[in-house]
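Asks: Provided below are the primary sequence and the corresponding predicted coordinates.
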Amino acid sequence: MGGFRVLAVVDDCTRERLAPVADISLSGGRVARELSAVIARLD
């Protein structure tokens, strides 16, 4: 039975979902790329 992982990056002040990512597998490298993308969008 397979499952999936969810990475939800949420701004605590505005409660805005900055990066909802769902996939079968989320490696550390993928998490780092997603967080870098969020930072780039916010700058």
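Replies: Cool, the structure landed.
Asks: just the helices in this structure please.
Replies: Per DSSP state H, the chain carries helices over the ranges 28-42.
Asks: low-scoring stretches of it, by residue?
Replies: By pLDDT under 70, the low-scoring segments of the chain are 1.
Asks: ok now do residue 30, which residues does it touch?
Replies: Residue 30 sits next to 21, 23 when contact means C-beta atoms under 8 Å, 6 or more residues apart in numbering. C-beta: built from backbone N, CA, C; applies to glycine.
Asks: Kindly apply the preceding question to residue 21 instead.
Replies: Applying C-beta under 8 Å, 6+ apart, the residues contacting residue 21 are 6, 7, 8, 30, 34.
Asks: Out of the residues you listed, which end up buried?
Replies: Among the contacts of residue 21, those classed as buried by neighbour count (16 or more other C-beta atoms under 10 Å) are residue 34.
Asks: Tell me the one among the contacts of residue 21 nearest to residue 20.
Replies: Within the contacts of residue 21, proximity to residue 20 (C-beta to C-beta) peaks at residue 8, which comes in at 5.4 Å.
Asks: Report the separation between that closest one and residue 2.
Replies: According to C-beta to C-beta, to the nearest Å, residue 8 and residue 2 sit 20 Å apart.
Asks: Thanks a lot, catch you later.
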